[in-house]
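**Q** Quick one, structure for this:
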Amino acid sequence: MKADIHSFESMAALDGDGIRYAVFFTGCPLRCAYCHNPDTWHKAGNEWSAFDLVKKIKRYKPYFKRGGGVTFSGGEPLLNSEFIIEAGKLLAEEGISYAVDTSGSVPLSDSVKTALDGADLVILDVKFFDEENYKKYTKGNFENFVAVGKYCSDKGIRLWLRTVVVPGINDTEESIKKYARFSKQFQFEKYELLAFHTMGFFKYENLKIENPLSDTPALDKDKLKELQEILNNNI
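**A** Below you'll find the model as predicted:
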């Protein structure tokens with residue numbers, strides 16, 4: 001089985017426990033207004049087999065000794081759930097675990113469930129706490145994302161939550177408290193806020209597509225710290 005892969009990042013430290021090898025798939029059903037990686041929306045013809053991918057990853061095995069492993073990201077990795085299942089079996093033979101960094105934007109099919117079941121960790125992007133804003137800013141299906149979070153919670157799969165905070169959209173104390181209340185339906189280890197940044201703006205220009213937030217500034221670090229404290233105090 002093959003999948004289209006956008007890029008890799010070795011020695012990643014922010015995509016799960018320990019040192020990670022991050023695999024970024026192409027393809028995403030969402031069109032988030034604040035997307036940092038519009039270059040992953042569509043397939044680009046960079047196909048890899050599960051066997052060749054794991055062969056590449058094995059070279060980094062010595063770095064995974066302290067709880068590290070592979071993180072499947074994107075794009076939306078669960079569009080490639082069957083590939084992840086196959087690669088996951090090959091990784092397990094090497095004693096390497098994997099995490100899934102997902103928006104939860106796909107239907108909860110049997111193959112998606114199996115891919116989640118095999119994960120040592122699922123990192124779920126909580127884009128919005130209500131269907132109206134979710135649809136407005138991502139063009140996606142709110143119920144899909146909630147179903148993925150609940151499935152992980154019900155099955156006891158380790159779960160981290162993340163939310164990108166965007167100036168003028170969800171950067172108020174009121175919004176953060178709503179995220180905190182919404183998150184109580186899930187069983188998770190931690191909930192991290194990430195700052196909206198402008199480093200990916202050049203990608204919109206290169207792809208000649210509209211950037212709906214071209215006039216939006218990056219989120220101030222102090223503001224992020226303040227909002228994270230509010231979240232921590234309310235979950």
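**Q** buried set for stretch 145-153?
**A** If you call a residue buried by 16 or more other CB atoms under 10 Å, then stretch 145-153 has these buried ones: 145-149, 151-153. C-beta here means a position set from N, CA and C on the backbone, and glycine is covered the same way.
**Q** and if you look at stretch 81-97?
**A** Neighbour-count burial for stretch 81-97, with 16+ other CB under 10 Å as criterion, is recorded at 81-88, 90-91, 96-97.
**Q** ditto for stretch 136-146
**A** Using 16+ other CB under 10 Å as the burial criterion, the residues of stretch 136-146 that qualify are 137-138, 140-142, 144-146.
**Q** just stretch 39-50 next, same as before
**A** Under the neighbour-count criterion of 16+ other CB under 10 Å, stretch 39-50 has 39-41, 43, 48, 50 buried.
**Q** And for stretch 63-82?
**A** The neighbour-count check on stretch 63-82 (16+ other CB under 10 Å) flags 64, 68-82 as buried.
**Q** Note down every partner strand of the strand ranked longest in the chain and its orientation.
**A** Once the chain is assigned using DSSP state E, the strand that runs over the most residues is strand 2-12. In its sheet, strand 2-12 lies beside strand 20-25 (antiparallel), strand 47-49 (antiparallel), with partners assigned from DSSP bridges.
**Q** which residues touch stretch 52-72?
**A** 5, 8, 10-12, 15-23, 25, 80, 84, 87, 90-91, 94-101, 120, 123 (CB atoms under 8 Å, 6 or more residues apart in numbering).
**Q** So which of the buried residues of stretch 39-50 is the closest to residue 183?
**A** Proximity of the buried residues of stretch 39-50 to residue 183 was ranked by CB to CB; the top entry is residue 40 with 25.9 Å.
**Q** Roughly how far does the closest residue in space to that closest one that isn't next to it in sequence sit from residue 198?
**A** Leaving aside its chain neighbours, residue 40 sits nearest to residue 75 (4.0 Å; criterion: CB to CB, 6 or more residues apart in numbering). Computed as CB to CB, to the nearest Å, the residue 75 to residue 198 distance reads 21 Å.
**Q** And residue 50, by the same measure?
**A** Using CB to CB, residue 50 is found at 36 Å from residue 198.
**Q** Equivalent analysis for residue 132, please.
**A** Shown here: residue 132 relative to residue 198, a distance of 26 Å by CB to CB.
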